[in-house]
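Undergrad: A predicted structure for the sequence below; I have some questions about it.
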Amino acid sequence: MKKKFALALAAFMMMGTLAACGSTNTNENAGSAADGTSTTSAVDAIKEKGEIVMLTNAAFPPFEYLADDGSVQGVDVEIAQAVADKLGVELKIVDMDFDPIVNSLKAGKGDFAAAGMTITEERLKQVDFSDEYVTSSQVVVVRADSKLEGDKAAIDAALSGKNIAVQTGTTGDWYAAGEEETGSTIKDANVLQYKSATEAALYLINGKADAVIIDQKPAEAIVATNEGKLKILDTKLTDEEYAFAIQKGQDDLKAVINEVIAEYKGDKVDELITKHMGA
Ligand code: ARG
């Protein structure tokens, strides 16, 4: 009896190994042969192309924003440039809406996404994440004269049924919608989805929205550019971690990104945040 089970287990484990090889071979961007006999790595494919493509949404200062000359700048761009330098290739940046970034990455339209993107269970089903390089929170931005205050439960209750402006497809959007994964207890809010947090803030200023829920640093940037009109509530709604996203199974590319992140995480990232908050 015992022996039979052991054999069955060994066979089962072998199947698992084979299945694992199979999934590597089907990875389109890694340049695998159609017959599945040989694979090149994601890194080799990038070196062959001579460029690495970053997907982002440049409406998220200080992590990514459009500079006066029209180029995309920010903390994520600098880290991404270091990844490109390490690989000896050009960095190409694709600026797009935030919401479809994960799907575009999955479809191979870029090599990685660097977009102040929070690691979430939902996204982990679609893509892999590097090590985290920034910790952040969702915060509430309101008009400067707002009396709203209290702990998370009180804020959630006060925002229930209200007009909340967000950037589509972000964790702030999910929080406003009361999605469980975010830990939100907001009920029946009217969630107003915009393409950028800056646009969402305009609707807060003109009174169409009661609050904006977005990430801490972009919130600070928005409050600073709309001097005196807006403020951020002290209460933090979530604890989040940003990482670069890559296609599933591209472990060699992930390793290179993680090496760069290890160099930047901490002081270097903090310096970049300060530098780009001022820009
Ligand atoms: N951290 C939030 C999320 O991952 C918002 C990110 C928005 N990023 C951007 N580049 N617009 O959902």
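TA: Happy to help now that I have it.

Undergrad: pLDDT value on Phe12, please?
TA: Model confidence at Phe12, given as pLDDT, is 44.

Undergrad: would you mind listing what in the stretch 151-279 of the chain touches the ligand?
TA: Within the stretch 151-279 of the chain, the positions near the ligand by CB under 6 Å from any ligand atom are 167, 170-171, 215. Yep, even glycine has a C-beta here, placed from its N, CA and C like the rest.

Undergrad: next, name the residue at the spatial heart of the chain.
TA: Met117 (1.1 Å; CA atoms, centre = their mean).

Undergrad: please verify my assumption that that one contacts Asp99.
TA: No - the criterion here is CB atoms under 8 Å, and Met117 misses it with Asp99 at 11.7 Å.

Undergrad: give me phi/psi at whatever residue of the stretch 151-279 of the chain ends up closest to the ligand?
TA: Residue of the stretch 151-279 of the chain nearest the ligand, by CB to the nearest ligand atom: Thr170 (3.5 Å). Phi and psi for Thr170, reported as degrees, to the nearest 10, are phi -90, psi 170.

Undergrad: what does stretch 234-244 contact?
TA: Residues from elsewhere that reach stretch 234-244 (CB atoms under 8 Å, 6 or more residues apart in numbering): 63, 76, 79-80, 112-114, 116-119, 129-140, 149-152, 155-156, 171, 175, 182-184, 213, 215-216, 257, 261.

Undergrad: just the ones of these in helices?
TA: 76, 79-80, 152, 155-156, 171, 175, 216, 257, 261 (DSSP state H).

Undergrad: wait, which of those residues is closest to Lys229?
TA: For the ones in helices among the contacts of stretch 234-244, the residue nearest Lys229 by CB to CB is Gln216; the value is 18.4 Å.

Undergrad: quick one: contacts for that closest one?
TA: Counted by CB under 8 Å, 6+ apart, Gln216 has contacts 136-139, 232, 236.

Undergrad: taking those residues together, which two end up most distant?
TA: Greatest spacing in the contacts of Gln216, by CB to CB: Ser136 and Ile232 (12.9 Å).

Undergrad: neighbour count winner among the two?
TA: Ser136 (22 against 17; other CB atoms under 10 Å).

Undergrad: from what I see, that one and Ala219 are in contact.
TA: No - applying CB under 8 Å, one finds Ser136 not in contact with Ala219, separated by 9.9 Å.

Undergrad: show me where the stretch 1-150 of the chain has strands.
TA: Remark: strands assigned in the stretch 1-150 of the chain by DSSP state E, counting those that start in this stretch are 51-56, 59-60, 64-66, 72-73, 90-95, 112-113, 128-129, 134-136, 138-143.

Undergrad: neighbours around the nearest residue to Thr135 once chain neighbours are set aside, how many?
TA: Distance criterion CB to CB, 6 or more residues apart in numbering; nearest residue to Thr135, sequence neighbours excluded, is Glu241 at 5.6 Å. Neighbours of Glu241 under the rule other CB under 10 Å: 15.
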